[in-house]
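A.B. asks: 3D, please:
(one chain, ligands or ions: 2)
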Amino acid sequence: MSKKPLILGIETSCDETAASIITENELGNPIVLSNIVSSQVEVHKEFGGVVPELAARSHIEKIDWIVQKAIDESGKKINEIDAVASTAGPGLIVCLSVGLSFGKAFAASIDKPFIAVNHLEGHALSPKLNSNLNYPYLLLLISGGHSQFLNVQGLGKYKRLGTTIDDALGEAFDKTAKLLGIDFPGGPQIEILAKKGDPNKYNLPKPIFNKGGCNLSFAGLKTAVLRITKNIKTDQEKFNLAASFQKTIEEILYKKTKVAFKEFEKQNDLTEKNFVVAGGVAANKNIRNMLISLCVEENYQSVFPPIELCGDNAAMIAIVGLEKFKLKEFSQLDHPAKPRWPLDEDAAFLKGAGVNLD
Ligand code: KG4
Ligand code: ZN
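C.D. replies: Ligands and ions are numbered 1, 2, ... in the order given. Below is the predicted model of the structure:
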């Protein structure tokens, strides 16, 4: 029986310090032996968002014991690790540098290969941690920094079908929450408040709803929410706005996912139709349920990572490491931290003023 690879994954691209040990079973299915995530929510709460220097300092303080804890909980020994995979981008450069340098030094010290991982590829492959997923699949990646539809054709083979032209969806949730007086990160709280409100009370805009293919836009919603919050006096009105926001997002994603299905089908000769939703916002149960119903209507199989693997974690970095390890795709020890690192390098930069989607 051949030894199965044992991979250490490390993630420090934003405000989570995380380490994980994974391996695989005889059938080649991944097994997560440990998955430690230390969030810095308390560090950044009073600032209403992530402060890069504070985040980096916190990573430096915690990285040693988080990695040690991941190794201890896995029940394995340091000398059994076959490769070390660290996030190299995209993200905050001061934060990325911590996990990247640590991972490189760790790999060098045990004389094992180092693998630089794209954080977005981690989200993209996260459903593989708990399900048998074949390529190609359509991915909706919705996180605090990104909102994209991608045609995932294989490891490292991504074709972007659509992207946000302004705010990411998680950012839109967090900004709306802030306007409603909810502490950062407010995304999950909006979902909870929305349950107590009337979703039909406020009519919010749906930018580029009927144009721009499956590209997305959320900045107009924030402006509308800002205008409404100025006149909000009661808690019930707050709940109604949260519910209206949640409903509008669901309507946008329903419509745009349908458009993305068509584009995905045009690009692939499909024997099975798989739709994966990943990233922090994929933890939103209403969005999950709505997309599951859409998949039933459209004959797609829907695949979600478990809730605990939707947000940033190192098991998703380790799974990319594992796949690359099997292909012997190792990185040099001078691999740079990359604040911007799109999955589809050929896709046009579609952000900021002047984007024309007519
Ligand atoms: O993937 P992630 O952990 O970090 C990034 O790579 O950005 O995503 C974090 C984002 C935050 O904006 C957070 O508010 C949002 O995901 N989020 C949610 C929910 N849980 C997390 N947004 C809406 N509903 C949720 N339940
Ligand atoms: Zn992320």
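A.B. asks: Tell me the buried residues in stretch 28-47?
C.D. replies: Taking 16 or more other C-beta atoms under 10 Å as the neighbour-count basis, stretch 28-47 is seen to contain the buried residues 30, 32-38, 40, 44. Any C-beta I mention is one placed from the backbone N, CA and C, and that applies to glycine too.
A.B. asks: typo on my end, stretch 195-211
C.D. replies: For stretch 195-211, a neighbour-count test (16+ other C-beta under 10 Å) marks 197, 199, 202, 204, 206-208 as buried.
A.B. asks: Next, the residues that contact that stretch from outside, please.
C.D. replies: Outside of stretch 195-211, the residues that reach it under the criterion C-beta atoms under 8 Å, 6 or more residues apart in numbering are 165, 215-221, 224-225, 228, 236-248, 251-252, 255, 357-358.
A.B. asks: contacts with ligand 2 among these, please.
C.D. replies: Applying C-beta under 5 Å from the ion to the contacts of stretch 195-211, one finds that nothing falls near ligand 2.
A.B. asks: could you flag which of those residues are buried?
C.D. replies: Judged by neighbour count, with 16+ other C-beta under 10 Å as the criterion, the buried members of these are 165, 215-218, 220-221, 224-225, 228, 237-248, 252.
A.B. asks: could you dump the buried residues of stretch 195-211 to CSV with distance to ligand 2 and pLDDT?
C.D. replies: Conversion of the buried residues of stretch 195-211 to CSV gives the following (distance: C-beta to the ion, whole Å; pLDDT from 0 to 100):
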residue, distance to ligand 2, pLDDT
197, 28, 98
199, 28, 98
202, 29, 98
204, 26, 97
206, 25, 97
207, 24, 95
208, 24, 96
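A.B. asks: Inside helices: which ones of the residues you listed?
C.D. replies: Assigned to helices by DSSP state H, none of the buried residues of stretch 195-211 qualify.
A.B. asks: Determine which two of those are furthest apart.
C.D. replies: With distances taken as C-beta to C-beta, the most widely separated pair in the buried residues of stretch 195-211 is 197 and 208, at 25.7 Å.
A.B. asks: mind listing which of the buried residues of stretch 28-47 are in strands?
C.D. replies: Members of the buried residues of stretch 28-47 lying in strands (criterion: DSSP state E): 30, 32-38.
A.B. asks: who in this structure is up against ligand 1?
C.D. replies: Residues of the chain found near ligand 1, taking C-beta under 6 Å from any ligand atom as the criterion, are 14, 143-145, 170, 173-174, 185, 187-188, 191, 279-281, 283-284, 311-312.
A.B. asks: can you do 5 Å?
C.D. replies: 143-145, 170, 173-174, 185, 187-188, 191, 279-281, 283-284, 311-312 (C-beta under 5 Å from any ligand atom).
A.B. asks: quick one: which of those residues sit in helices?
C.D. replies: Secondary structure assignment (DSSP H) places 170, 173-174, 187-188, 191 from the residues of the chain next to ligand 1 within helices.
A.B. asks: Please give me every residue in contact with residue 128.
C.D. replies: By C-beta under 8 Å, 6+ apart, the contact set of residue 128 is 30, 319.
A.B. asks: can you do 6 Å?
C.D. replies: The contact partners of residue 128, taken as C-beta atoms under 6 Å, 6 or more residues apart in numbering, are residue 319.
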